[in-house]
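[1] Return a 3D structure for these sequence lines:
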Amino acid sequence: MGRIREYELVMILSPALDEAQTTGALERVQRFVSERGGELTAQEPWGIRRLAYPIQRFNEGHYSLTRFTIDGDHTRDLSSSLNISEDVLRHLLIRVDD
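    Just a heads-up that it's a prediction; the model follows:
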């Protein structure tokens, strides 16, 4: 087991998702964290914003910031699951330094 650390996750979700689907995608991240003994500390939907460049033919996306604590061993699994999700256009997962 690794150490429990604090992380920030910024996701850009497809603008084709409705509000319920966007909420569902955020809840999946929350469930992933809680099922692995982590704790969600903040979740901030930033709304639809314009992208710097088109991604999968989209010019805008639903941005959100999620802060949580989790064992560092699980971050690779989280990142992999976000990579294969069709709802997630891009994501950035960073460890917050102590």
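[2] how about the strands in the chain?
    Ranges of strands in the chain, per DSSP state E, are 4-13, 39-55, 58-71, 88-95.
[3] Take those strands and write them to CSV, including mean pLDDT.
    Output for the strands of the chain, formatted as CSV (pLDDT from 0 to 100):
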stretch, mean pLDDT
strand 4-13, 96
strand 39-55, 95
strand 58-71, 96
strand 88-95, 96
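[4] Confirm for me that residue 67 is in contact with residue 5.
    No - between residue 67 and residue 5 there is no contact under Cβ atoms under 8 Å: 11.6 Å. For glycine as for every other residue, the C-beta is placed from the backbone atoms N, C-alpha and C.
[5] Quick check: neighbours shared by those two?
    residue 96 (Cβ atoms under 8 Å, 6 or more residues apart in numbering).
[6] So which elements touch the helix ranked longest in the chain?
    For the chain, the longest helix by residue count, based on DSSP state H, is helix 19-35. Secondary-structure packing of helix 19-35 (3 or more Cβ pairs under 8 Å, 6 or more residues apart in numbering; DSSP states H and E): strand 4-13, strand 39-55, strand 58-71, helix 75-84.
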